[in-house]
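>>> Attaching a predicted model along with its sequence, questions to come.
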Amino acid sequence: MKSSGNDSEEVLKGIAEAKSETLEMIYRNCYLPVQRLVINNSGTYADAEDIFQDTVTIVFRRARQDELQLFADTKICTLLYAIARKLWLQKLTYLKREIAVGQEIEDVFEIPQVIKNEIAGLESMKQRICQKHFLQMTGRCRMLMKLFMKGLKMKEIAEIMDFDSEDQAKTAKYRCKKTLANQIMNDKEYQALL
């Protein structure tokens with residue numbers, strides 16, 4: 001990270017040093033645009049939090065390794081937004097969803113290759129961990145989640161899986177999803193990525 005005398009360089013230095021006031025400022029000033037991006041493009045508030053956390057983690061790692069350099073007129077929020085956008089597009093592609101996000105950020109700010117590599121590696125590791133835990137779920141939970149991910153309505157899932165009611169299917173989906181999320185979050189390999 002080379003000094004160019006701008007505020008963003010000071011923020012990157014604060015990130016590298018894990019200064020709490022710097023991280024608080026980043027969340028306060030840069031989170032909402034990322035949240036809007038995710039919410040407006042098929043995501044949830046939880047997705048937005050995950051994407052932003054991954055983005056900050058990538059910038060933190062690169063700042064600590066002194067591998068980030070910003071142009072004099074580049075704002076830290078622009079960098080974070082560009083990385084978050086790339087991560088969200090990758091996640092949506094993985095989930096096979098459509099997205100209509102303009103190219104304006106990439107036209108203004110080119111993400112360094114080292115960050116692109118970090119994003120790809122991080123997503124690949126997360127997908128592998130998620131898949132491992134998905135395959136360890138009970139057959140019934142796995143089937144329910146597959147049907148849900150294919151876009152079937154809960155009423156259809158209830159009929160296919162012979163639940164007594166749609167509400168019973170919703171409850172089962174909630175439990176399966178919560179169990180899967182807990183297993184992933186408690187995975188030591190996954191925690192090391194955060």
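Right, received. Where do you want to start? Numbering: from 1, shown residues only.
>>> what residues are up against L87?
Counting by C-beta atoms under 8 Å, 6 or more residues apart in numbering, L87 touches 51, 54-55, 119, 123. Where C-beta positions appear, they are placed from N, C-alpha and C, glycine not excepted.
>>> ditto for T44
By C-beta under 8 Å, 6+ apart, the neighbours of T44 are V38.
>>> Ok, L180 next?
Applying C-beta under 8 Å, 6+ apart, the residues contacting L180 are 130, 133-134, 137, 141, 145.
>>> which one of the contacts of L87 has the most neighbours?
Top of the contacts of L87 by neighbour number is T55, holding 26 neighbours under the definition other C-beta atoms under 10 Å.
>>> name the element it belongs to?
Under the criterion of DSSP states H and E, T55 resides in helix 45-64.
>>> What is that helix packed up against?
helix 7-16, helix 20-39, helix 76-94, helix 113-135 (3 or more C-beta pairs under 8 Å, 6 or more residues apart in numbering; DSSP states H and E).
>>> filter the contacts of L180 to the buried ones?
130, 133-134, 137, 141, 145 (16 or more other C-beta atoms under 10 Å).
>>> Tell me the one of those residues nearest N41?
N41 lies nearest to C130 out of the buried ones among the contacts of L180, by C-beta to C-beta, at 20.3 Å.
>>> Identify the residues contacting the closest residue to that closest one other than its chain neighbours.
Using C-beta to C-beta, 6 or more residues apart in numbering and skipping residues adjacent in sequence, the residue nearest C130 is I184, 5.8 Å away. Residues in contact with I184 (C-beta under 8 Å, 6+ apart) are 129-130, 133, 190.
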